[in-house]
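**Student:** No sequence on hand, only this structure:
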């Protein structure tokens, strides 16, 4: 993603022509890096060796060598050809290329020497430093530095014994030695370190990419879980009421028009409310396409309409509130609303007789302090049946799982199961911390931005 962003930024700054120029340059570099002759040589190395041979041939024609009367100078063309042939192996086998170049360099020194052979030998040293094995590269560098120190010592000795006439000659010899042998090695090792750093950065980028993919997968899984909880809470409550009322209407032996009309009214109200909540959720999911769309989360203070719907469906609901309600964060408010909704849905399905007692309690950690925990309790009678079946049928659904996940995400405590008193039936208890760490105080804007 960062590379794509940089490419787009460069496109904006430089324009289309500059981007096409960079692309063409990269294509040419890829062409020079192509393998030839069955992968034994590189096209760029072959062209580079040919260039060296052409320049060396030109300098040989200009007599850029030390001429010796007793030696035919055409032998220097053979040494030039040999070191240029070693350049062919600069990428595929730099160690072998350096060995070949060293042999022809010794022969050239014995016959001449010629200046361009020394330059090409520096190219072989550079290739070992960049593409050779690490141990070989640093071993050759150590040998070169040792030879440099020895050469300086010999030159100083010759100067002290009068073999060399002036210090200028010592400086010239040292400069030539450093230019031919030391500088290529230093440059090659520097490029090698840059290659290593680039490789490390590439590996780091790959790791970051893999981590981003894992985070993306985790985020998608979490979002699917949230969507599943919301869809269950929105659909299950209203459809349960519709199913109960429809069953009641179908079970009537002597249909009472007024009773049927009342049942159809309840079915219609639940259908309309379910569709409204579904549209609201779909609007939240599409909010990225329309930033001005208002996002609304359910609130515990709106649970009265859930109670009214449950009562219209024939459920006896007793709801009690204890303590003073402080301002609730949006996530806690929405979770409490959904827990009340799911508790009413389960009671509507399974309670025998059809009754549920809901308690909303605000508690404080210490006397005199503002309430910092919200405790929701829902108890309803349950049918008498063997306990394993009772547990699976009442507590094994997606509703209980969704409530448990909501409470866990908020750092609270959740319990669902048979009450301590076996006659009391089924009991749900959720304890939610009101003060959410890292979440600022709730405002209408923040509540709108949280989504469903």
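**Tutor:** Nice, I can see it. Computed from a prediction, not measured in an experiment: that's the story for all the values here. Residues are numbered from 1 along each chain as shown.
**Student:** how about the helices of the stretch 101-250 of the chain, start to end?
**Tutor:** Secondary structure of the stretch 101-250 of the chain (DSSP state H, counting those that start in this stretch): helices at 115-131, 134-160, 167-177, 183-250.
**Student:** Looking at the longest one now, give me its mean pLDDT.
**Tutor:** With pLDDT averaged residue by residue, helix 183-250 scores 82.
**Student:** before we move on, what about the second one?
**Tutor:** Throughout helix 134-160, pLDDT has a mean value of 89.
**Student:** And the protein, what are its domain boundaries?
**Tutor:** What automatic domain parsing lists as the domains of the chain is 13-212, 294-450.
**Student:** Just name the most buried of those domains.
**Tutor:** domain 294-450 (a mean of 17; mean count of other Cβ atoms under 10 Å). The way it works is simple: take the backbone N, C-alpha and C, and place the C-beta from them, glycine included.
**Student:** Could you tell me how far it lies from the centre of the chain?
**Tutor:** Computed by Cα atoms, centre = their mean, to the nearest Å, the chain-centroid distance of domain 294-450 equals 36 Å.
**Student:** Nearest to residue 227, out of the domains of the chain?
**Tutor:** Smallest distance to residue 227 across the domains of the chain (Cβ to Cβ): 11.0 Å, for domain 294-450.
**Student:** can you tell me the distance between the two ends of stretch 155-171?
**Tutor:** Start and end residues of stretch 155-171 are separated by 9 Å (Cα to Cα, to the nearest Å).
**Student:** how about the domains of the chain in CSV, adding distance to residue 268?
**Tutor:** Shown next, in CSV, are the domains of the chain (distance: least, Cβ to Cβ, whole Å):
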stretch, distance to residue 268
domain 13-212, 48
domain 294-450, 11
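**Student:** wait, is residue 317 part of a helix?
**Tutor:** No - counting by DSSP: H, G, I helix; E, B strand; the rest coil, residue 317 is located in no helix; its state is strand.
**Student:** Could you list the low-pLDDT ranges of the stretch 351-452 of the chain?
**Tutor:** For the stretch 351-452 of the chain, the stretches with pLDDT under 70 are 368, 383-398, 420-424, 436-452.
**Student:** show me where it has strands.
**Tutor:** Along the stretch 351-452 of the chain, the segments classed as strands by DSSP state E, counting those that start in this stretch run 355-363, 373-380, 413-418, 426-433.
**Student:** cool, and the stretch 1-150 of the chain?
**Tutor:** Taking DSSP E, counting those that start in this stretch as the criterion, the stretch 1-150 of the chain carries its strands at 35-36, 41-42.
**Student:** Sheet partners, orientation included, of the last one?
**Tutor:** Strand 41-42 has these partner strands in its sheet, going by DSSP bridges: strand 35-36 (antiparallel).
**Student:** could I get the helices of the stretch 101-250 of the chain as TSV with distance to residue 374?
**Tutor:** Shown next, in TSV, are the helices of the stretch 101-250 of the chain (distance: least, Cβ to Cβ, whole Å):
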stretch	distance to residue 374
helix 115-131	67
helix 134-160	63
helix 167-177	83
helix 183-250	18
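**Student:** nearest to residue 272, of the ones you listed?
**Tutor:** Within those, the stretch nearest residue 272 is helix 183-250; the backing value is 9.0 Å (Cβ to Cβ).
**Student:** For the spatially most central residue of the chain, give its distance to residue 143.
**Tutor:** For the chain, the residue nearest the mean C-alpha position is residue 212 (1.2 Å; Cα atoms, centre = their mean). Using Cβ to Cβ, to the nearest Å, one gets 46 Å for the distance from residue 212 to residue 143.
**Student:** Kindly report the same for residue 347.
**Tutor:** Counting by Cβ to Cβ, the separation of residue 347 from residue 143 is 88 Å.
**Student:** what do you get for residue 196?
**Tutor:** In terms of Cβ to Cβ, residue 196 sits 22 Å off from residue 143.
**Student:** what's the distance between the spatially closest residue to residue 141 that is not a sequence neighbour and residue 94?
**Tutor:** Closest residue to residue 141 apart from its sequence neighbours, by Cβ to Cβ, 6 or more residues apart in numbering: residue 185 at 5.0 Å. Distance, residue 185 to residue 94, by Cβ to Cβ: 12 Å.
**Student:** same question, residue 247
**Tutor:** From residue 247 to residue 94 the distance is 85 Å (Cβ to Cβ).
**Student:** And residue 42, by the same measure?
**Tutor:** Applying Cβ to Cβ to residue 42 and residue 94 gives a distance of 12 Å.
**Student:** same deal with residue 120?
**Tutor:** For residue 120, the distance to residue 94 - Cβ to Cβ - is 14 Å.
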